[in-house]
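Colleague: Give me the fold of what follows.
(3 chains)
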Amino acid sequence: MRTHSRSTAWFLASPWVIAFALFGLYPFLFSLGASFTDYTPLAPSSTRFVGLANYTRALNDPAFWSALRNTALFVIGTIPFTTAAALALAIAVQPAFRGRTLFRVGFFLPSVVSIVVLSLVFKGLYANHGGLNGLLSALHLPTPAWLQNPRTALPAIMAMDVWSASGYYMIIFLAGLEGIPRDLYDAARLDGADGWARFTHITLPLLRPTLLFVLVVNSIRSLQIFAEVFVMTRGGPLGSTTTVVYHLYEQAFSRFQLGQASAVAYLLFVLSLGLAWVQMKAVGAQEQSRS
Amino acid sequence: MKQVLGLALAALLVGSCAPQKKPQEVVFWQFWPLDVIQPLVTAFEAENPGIRVRVEQLTWDGGKDKITAAVAAGAPPDLCELGSTYMPRFLQSGALSDWSAGVADLRAGLRGWEQCMVGDAIYGLPWVLGTRALFYNKTLFAKAGLDSSRGPETWAELQNAAARIQKLRGNVHGYGVSLNDKQKLFKKFMPYAWGNGGEILSAGLDSARFDSPENVAALEFYLGLRAVGTLGMQDALDQEFKEGRLGLQISGAWLFKQIPKEAPGLRYGVALVPRPAVDRGTHASFAGGEVLVSFQTSKRKEDALKLARFLVRPDNALALAMAAQSVQPATVAADTAAYYRERPMQQVLIQQFTTARFTPNHPAWDEMEQAIEAEVEQALYDKKSAAEAVRDANARIALLLGKK
Amino acid sequence: MSDSREQELAPPPPPWAMSIRRWLWLIPLLLATLLPFAWMVALSISPNAGNSMAKALQGPWDLSQYQTLFRSAGVGRYLLNSLGVAVVVVILNVVTAAMVGYVLGRKRIPGERFWTLGIVATLMVPKQTLMIPLYLVLARLHLLDTYAALILPFAVDAFGIFLVRQYVTQLPIELEEAARVDGATDWQIFREVALPLLKPVLAVVAIQAFLTNWNSFLFPLIFVDSDRLRTLPVGLALLSQTEHSVDWGFLMAGSTVASLPVVAVFVAFQRQILSGLLAGAEK
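Modeller: Okay, the predicted model is just below:
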């Protein structure tokens, strides 16, 4: 159709595509290529093709699988809570009420500070004689060594992640909620539908694209968790908080073996892609019928 | 919207203008604050009219990545500071420029050449060194009925002192045992192993020597300290020490800068790391440092060497050490300088250098260090005995020797 | 129906009873959320407390860390650089996200799903592996150590494009179709019909683009050498961190100051999210 080809041409000619090709696509493909070589940035001219050697080395490394397990635990343990909390908060602060802006800002605040600083703050909070244990001992509750115990270290980091991410995704849900026509709610109220019915029959279905976005993006981000681990536990204790990207950093990146690092990165990529595809199938099916 | 977009693009075009990079500038990347390093650089420029130096400060977190990226792109700085932990890989890569001829005359006056040599070839200049020593709390010593004028000399004395302090009331602990703080646990444990006569690799760096009775004994001693102390990462232990709740720990010179600011009333002392017994072993410790290097693809190599030679002069290295406090000059007999004679505790650290050990310069060293730390951690969490941990670490090291 | 529309345009002030009911369960949540910040601020006003909560609570408290912060050479410069760069990146991001997201959301190009997946795929690779190739690209273009190095690689952001695309798919298409029937061109439809409806999501894109860019550390560290181009996170790290220690009070003061512009941007833009009130009322 006429509209089709003009839009296509316009889209392709736009400078954004060029910028994307240079700064988005090229590094992506470079890393992919590097994963089949023994590329090291310190001696780039001596790069040799090694085929799938990096991939087999990664897949045969028990440390990789342990990191994968930790990452999977992390994702499963945070995404549902963050998503639910973000949605609940968004619904809570969406209608007009006094002081609404204060609450919006307050809940969003954790996302504002750099993750490194936040991790440093929480490292202090989780310390053996830190703020959290101080609070717990005042309430006569047990005070575990949060970051030194292999059983509690990862949950501690997960709790911090839910705390800091909920406000961020709350904003996204807020925008999504605003896109739902108000009259639908009014009509439903007239029909006698209660709050829960309105939520499940109007809000949730119309929020599906936003929900899919939150799930996909939060999953991608959680699969790549690194800074928190680096600052708070350095992958310990006993490797219980080593995530895939931390494993990549420690094993390959810090040894200047970018080929190996890229192979691990692309294994993670395949996982992310798979997860996103599953999420799109499960949540995004609605899209076809709308437009 | 079009106006806004136009403005943004215009800003972009203006922003694309690169700063004028004068071709006669020597580009120097290092990790110290500019107010510390700039006086030295200015003095160099005064002595060498015609050479201008552009100093950039790197962050410890990410600085190595920046250097790596620059080398990868073929445009590294002319002179660069590298930590001894980075050196093995850089040496192996062939990216560093050979200074064997240019620094031969400095051999006698500096310490720490092991960090920058491969065989007989020299690839850098040792600038400042760092080590670890035993810090102890004099107030707690006195409370526990110990002689606070000197630190423990032997393992037995250390054990005894820690036990007595641990018994004191008031939430104090005897000895601070380091948990697996990557690249730090090693420096807190190996002093005991080295002091007991243990080794990691053979002299020729071709076989693993880690599995030895000396190392097992050292690890058993280290594990035993848990009962008379507390466990923690370096910053947590430092914090406890500064708060006066920790009797003894192995730590480094950065405390000299922190304690006056954060704990001015703390009465503490510094001693050499205790040796196994009065008649056995040595007061060994870990030694590392900062090295000045130039790269094969650097543009101004001769001027970079001149600047490096200037910076390692005893006065200049001392100026840096005085400002930084967390390191000491690599100059031989640095402790005879007036500055250190007036500061006996810092002098102890320099004396510690004479019996301190650098890590093996094997290219796979960081993986070996990781193996040792991981196995020691297993023992710390009682997942393995000391003998098993040492044996498994040795097996992993042997495997790494076989690879590149 | 027109009655309810008039009501929408001039909403009455919210009743106190309803507000207080909300406060009852929101305030405890808010306090729990803000506790770590209280600690951050407490550390920033307690010089010499180091990292110790106990010491920080004892006092003395003063603003000396903030004074040191602002007297530190370069902090003002770092702030301005961060602001300038962030503003340009936000503008470019919002424009790209709007245009590309709209085209993708309305499925105006063949294989749209494939393009979307491809764009989102670039988010799925950790940035440590992309760092070196990005550096090489910038080096070859002679853009290292320029403002462009801080702006260009971040001008097109998959996150924003994907967000707008999702939002567009849930927007009713009837208005646009009506405008097309009236003879409007593609560009007119986009600019006059769709764009106003996209305000809420573009506000979110602006907020998140500002936030990501403002706190960005690794890439600005690697791509820029000169002190005069330095941004705030890198500057703060240089001033507060040594190999073995962190100047806590200084870092917390710096971080508190650094969060203020983001909060300001958020407060300014979050009202835009409200403007969606009109979006659904057109029927």
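Colleague: For the rest of this, base every contact and every neighbour count on C-alpha atoms.
Modeller: Fine.
Colleague: where does the stretch 151-300 of chain B come near chain A, residue by residue?
Modeller: Taking Cα under 8 Å from any Cα of the partner chain as the contact definition, the stretch 151-300 of chain B meets chain A at B:Asn180, B:Asp181, B:Lys182, B:Gly232, B:Ala236.
Colleague: Closest one of these to chain C?
Modeller: Nearest to chain C out of those is B:Ala236 (Cα to the nearest Cα; 9.3 Å).
Colleague: quick one: that closest one is in a helix?
Modeller: Yes - per DSSP: H, G, I helix; E, B strand; the rest coil, B:Ala236 lies within a helix segment.
Colleague: What sits closest to it if chain neighbours are left out?
Modeller: Of all residues not flanking B:Ala236 in the chain, A:Ala127 sits nearest, at 7.6 Å (Cα to Cα, 6 or more residues apart in numbering or on different chains).
Colleague: check contacts around the one you found.
Modeller: Shown in contact with A:Ala127 (Cα atoms under 8 Å, 6 or more residues apart in numbering or on different chains): A:Asn133, A:Ala145, A:Trp146, A:Leu147, B:Ala236.
Colleague: List buried residues within those.
Modeller: The neighbour-count test (16 or more other Cα atoms under 10 Å in any protein chain shown) applied to the contacts of A:Ala127 identifies A:Asn133, A:Ala145, A:Trp146, A:Leu147, B:Ala236 as buried.
Colleague: in whatever helix or strand A:Ser272 lives in, what counts as buried?
Modeller: Applying DSSP states H and E as the criterion places A:Ser272 in helix A:258-283. Under the neighbour-count criterion of 16+ other Cα under 10 Å, helix A:258-283 has A:258-269, A:272-273, A:275-276, A:279-280, A:283 buried.
Colleague: Check whether that helix comes into contact with chain B.
Modeller: No - Helix A:258-283 is not in contact with chain B by Cα under 8 Å from any Cα; minimum separation 10.9 Å.
Colleague: other SSEs contacting that helix?
Modeller: Packing partners of helix A:258-283 (3 or more Cα pairs under 8 Å, 6 or more residues apart in numbering or on different chains; DSSP states H and E): helix A:26-34, helix A:53-59, helix A:208-223, helix A:244-251, helix C:127-140.
Colleague: sorry, back to before: take the buried ones among the contacts of A:Ala127 and keep only those in helices.
Modeller: A:Asn133, B:Ala236 (DSSP state H).
Colleague: so which of the buried ones among the contacts of A:Ala127 would you say is closest to chain C?
Modeller: B:Ala236 (9.3 Å).
Colleague: distance of the closest one from B:Tyr192?
Modeller: Per Cα to Cα, to the nearest Å, B:Ala236 is found 21 Å from B:Tyr192.
Colleague: now B:Val71: how far from B:Val118?
Modeller: Going from B:Val71 to B:Val118 by Cα to Cα gives 20 Å.
Colleague: So between those two, which is more surrounded?
Modeller: B:Val71 (22 against 15; other Cα atoms under 10 Å in any protein chain shown).
Colleague: Checking that one next. Helix, strand or coil?
Modeller: Of the three states, B:Val71 takes helix under three-state DSSP.
Colleague: okay but it is in contact with A:Ser45, surely?
Modeller: No - if you go by Cα atoms under 8 Å, B:Val71 and A:Ser45 don't touch, sitting 11.4 Å apart.
Colleague: what residue ranges in chain A score low on pLDDT?
Modeller: Flagging of chain A using pLDDT under 70 yields the residue ranges A:1-13, A:285-291.
Colleague: so where's the stretch 1-150 of chain C uncertain?
Modeller: Low-confidence segments of the stretch 1-150 of chain C, defined by pLDDT under 70: C:1-14.
Colleague: quick one: the helices in it?
Modeller: C:2-9, C:16-44, C:53-58, C:64-71, C:75-105, C:112-121, C:127-140, C:147-151 (DSSP state H, counting those that start in this stretch).
Colleague: what's the most buried one of those helices?
Modeller: Greatest average neighbour count among these goes to helix C:147-151 (a mean of 26), per mean count of other Cα atoms under 10 Å in any protein chain shown.
Colleague: tell me the SS of the closest residue to B:Val228 other than its chain neighbours?
Modeller: Excluding its sequence neighbours, the residue lying closest to B:Val228 (Cα to Cα, 6+ apart) is B:Ala163, at 5.0 Å. Here B:Ala163 is recorded as helix under three-state DSSP.
Colleague: how close does B:Ala163 sit to chain C?
Modeller: For B:Ala163, the distance to chain C equals 26 Å [Cα to the nearest Cα, to the nearest Å].
Colleague: Just give the number of residues close to the residue lying closest to A:Leu154 once chain neighbours are set aside.
Modeller: Of all residues not flanking A:Leu154 in the chain, A:Thr241 sits nearest, at 5.3 Å (Cα to Cα, 6+ apart). Neighbourhood size, A:Thr241 [other Cα under 10 Å]: 33.
Colleague: In a strand, A:Thr241, correct?
Modeller: No - remark: A:Thr241 does not belong to a strand; assigned using three-state DSSP, it is coil.
Colleague: State whether it and A:Leu68 are indeed in contact, as I suppose.
Modeller: No - in this structure, A:Thr241 is not within contact of A:Leu68 by Cα under 8 Å, at 10.5 Å.
Colleague: How many residues are close by B:Pro191?
Modeller: When neighbours are counted by other Cα under 10 Å, B:Pro191 comes out with 28.
Colleague: Quick check, it in contact with B:Phe286.
Modeller: Yes - taking contacts as Cα under 8 Å, B:Pro191 lies within contact range of B:Phe286: 6.0 Å.
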